[in-house]
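>>> Everything below, folded, please.
(one chain, ligands or ions: 1)
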Amino acid sequence: MSLTHSVQQLGTETAFKVLAKAKDLEAQGRNIVHLEIGQPDFPTPANIVAAGKQAIDEGWTSYGPTCGQPDFRELIAEHISTTRGINVQGSQVVVTPGGKPVMFYAILALVEEGDEVVYPDPGFPIYKSLIDFAGGKAIPLPLLEVNDFSFDVEKLETLISDKTKLLILNSPQNPTGGVLKKEDLETIATLCVKHDVVILTDEIYSQLLYDDTFESITQFDGVSERAIILDGFSKTYSMTGWRLGYGIYPKWLVDSIENLMVNSNSCTASFTQRAGMEALSGPQDSVVQMREAFRKRRDFFIEELNKIPGISCRVPKGAFYAFANVSQLPLSSKELENRLLEEAGVACLAGDGFGEQGRGFIRFSYANSIENIGEALSRIDVFVAKL
Ligand code: PLP
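Sure, this is the predicted structure:
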């Protein structure tokens, strides 16, 4: 009995591993502050929950069209057209169980042996995992702290070759909270058009920006026919467990993605999509309230974290992650991840889990209450003082 090479190549998301470890410790009676998993701690807004319940009662419980319910696809197309300033049609929308399958399908459809894919490092770990899985060559694009976790566009140009098939962008970013600048996006767009590179733009945190307005690379000339937008409901509407996301694909790609869907999950849960209709068309106050709560937590967390000797952290501009530099401490980030969990009861993630450039960093998710964040900070402070 043996496993395929490609399956053995698969990476993982350490957030789920650390979460499981933290839950085990809790089951043993330990108190853990969770700053590891990237999910809002708020309940799904009541109007969305009510719409989901009603949909079950109304019988939205059978298979639906593979790419999603037509009225839902139209609504998403309208939403994307308005928020990105582009013209998207319902037929370009593929509704998926969460945002993750969008990257899975895009990479499976586009990347094969010998193709190169440029991806952000540090970045969401599934990008590299899937590139490797598909047999592609993963080319890391460094996001450096000195550049406020933006990347050097000139560096990007040196990484693009005639084998480059795909560029993956993510802004606001996981794990750094960094945001790509509009002028950089414009230059990247020109580069991708010039070199005939497809772009996967992961915009799952598009509504979680604290200072600037959201900018999508798809607004620039020639991009929409070569770009896949990934977005969804998990983060914006606190719907991680509903599993609801979508991809906006260029027309030439939609049929192949539909076929990948037919071959894997058939369709996305029908009642979940009705709840998604309410999320997009109903009142948006909860989105604003959650964002404001995250902003307060961010301000508090970063200010206090920077007071701990040996730790420094830039102010993240989006998402709900702080990527703290811990390279002055006498422990590797992996040791710190383990010992903060086991000895201090604070769950967080070593930056290495997000790529080579994450070494010497810890990702904290501040999607937790001010009270819990305060508790975590004092535990970290006491732990670090003893090193
Ligand atoms: N993209 C990024 C950058 C993420 O951080 C996440 C989740 O953490 C996803 C995509 C996947 O989102 P979903 O839970 O909707 O699959």
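>>> what's the neighbour count on Val102?
26 (other Cβ atoms under 10 Å). In short, each C-beta sits where N, CA and C put it, glycine included.
>>> which element is it on?
According to DSSP states H and E, Val102 maps onto helix 100-110.
>>> tell me the phi and psi of Tyr237?
Main-chain torsions, Tyr237, degrees, to the nearest 10: phi -110, psi 20.
>>> Correction: the previous question concerned Ile229.
Taking degrees, to the nearest 10 as the convention, Ile229 sits at phi -100, psi 130.
>>> Then Gly136?
Dihedral angles (degrees, to the nearest 10) for Gly136: phi -80, psi 170.
>>> Pretty sure it sits against Ile107.
Yes - counting by Cβ atoms under 8 Å, Ile107 is a contact partner of Gly136 at 7.4 Å.
>>> Whichever residue of the stretch 1-150 of the chain sits closest to the ligand: neighbouring residues, count only.
Nearest residue of the stretch 1-150 of the chain to the ligand (Cβ to the nearest ligand atom) works out as Gly98 at 3.0 Å. Using other Cβ under 10 Å, Gly98 has 20 neighbouring residues.
>>> And for Asp148?
The tally of other residues near Asp148 (other Cβ under 10 Å) stands at 16.
>>> The ligand contacts on the stretch 1-150 of the chain?
Applying Cβ under 6 Å from any ligand atom, we find that the stretch 1-150 of the chain lies next to the ligand at 38, 98-100, 124.
>>> Please enumerate the strands of this protein.
Taking DSSP state E, the strands of the chain run over residues 33-34, 93-96, 116-121, 137-142, 164-170, 198-202, 227-232, 245-248, 312-313, 321-325, 346-347, 349-350, 361-365.
>>> For the second one, name the packing helices and strands.
Read that as strand 93-96. helix 70-84, helix 100-110, strand 245-248, helix 251-262 (3 or more Cβ pairs under 8 Å, 6 or more residues apart in numbering; DSSP states H and E).
>>> how far away is Thr240 from Phe320?
Thr240 sits 12 Å away from Phe320 when distances are taken as Cβ to Cβ, to the nearest Å.
>>> just to revisit the earlier point, for Gly136 and Ile107, list the residues in contact with both.
Common contact partners of Gly136 and Ile107 (Cβ atoms under 8 Å, 6 or more residues apart in numbering): 117, 166.
>>> Same drill for those two, tell me which one is more crowded.
The residue with more neighbours, out of Gly136 and Ile107, is Ile107; 27 against 23, by other Cβ under 10 Å.
>>> Who are the contact partners of the more buried one?
117, 130-131, 133-134, 136, 166, 200 are the contacts of Ile107 under Cβ under 8 Å, 6+ apart.
>>> can I get those in CSV with distance to Val88 and pLDDT?
Listed next are the contacts of Ile107 as CSV, based on distance: Cβ to Cβ, whole Å; pLDDT from 0 to 100:
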residue, distance to Val88, pLDDT
Val117, 24, 98
Leu130, 24, 97
Ile131, 26, 97
Phe133, 29, 95
Ala134, 26, 95
Gly136, 27, 97
Leu166, 20, 98
Leu200, 16, 98
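>>> Among the residues you listed, which pair sits farthest apart?
By the measure Cβ to Cβ, Phe133 and Leu200 form the most distant pair in the contacts of Ile107, at 14.8 Å.
>>> Buried residues, the top helix by length along the chain. List them.
In the chain, with assignment by DSSP state H, the single longest helix is helix 285-305. Across helix 285-305, burial judged by 16 or more other Cβ atoms under 10 Å covers 286-287, 290-291, 293-294, 297-298, 301-302, 304-305.
>>> same for it, what does it pack against?
Helix 285-305 packs on strand 321-325, helix 370-385, going by 3+ Cβ pairs under 8 Å, 6+ apart.
>>> which one of the ones you listed is the most hemmed in?
Most buried of those, by mean neighbour count (mean count of other Cβ atoms under 10 Å): strand 321-325, with a mean of 24.
>>> That one near the ligand anywhere?
No - Strand 321-325 stays clear of the ligand (Cβ under 6 Å from any ligand atom), getting no nearer than 8.5 Å.
>>> could we number from 613 for the rest of this?
Done: numbering now begins at 613, and the last item shifts to strand 933-937.
>>> Quick one: mean pLDDT over that strand.
When pLDDT is averaged over strand 933-937, the result is 98.
>>> Name the residues that touch it?
650, 734, 757, 761, 785-789, 910, 913-914, 917, 923-926, 928, 963, 970, 972-978.
>>> Take that strand, keep the C-alpha atoms, and write them as CSV.
Extracted C-alpha coordinates of strand 933-937, given in CSV (Å, rounded to 0.1, in the frame of the first residue of the first chain):
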residue,chain,number,x,y,z
TYR,A,933,-3.7,39.4,12.2
ALA,A,934,-0.6,40.9,13.8
PHE,A,935,2.7,39.6,12.6
ALA,A,936,5.1,40.2,15.4
ASN,A,937,8.9,40.2,15.0
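>>> Pairing partners for that strand, with directions?
Partners of strand 933-937 in the sheet, by DSSP bridges, are strand 924-925 (antiparallel), strand 973-977 (antiparallel).
>>> Quick one: distance of the shortest one to the chain centre.
In this case it means strand 924-925. Its chain's C-alpha centre lies 22 Å from the corresponding centre of strand 924-925 when counted by Cα atoms, centre = their mean, to the nearest Å.
>>> Next: stretch 817-835.
For stretch 817-835, the distance to the chain centre is 14 Å (Cα atoms, centre = their mean).
>>> Out of the residues of the stretch 613-762 of the chain next to the ligand, which one has the lowest pLDDT?
Within these, Gly650 has the lowest pLDDT, namely 90.
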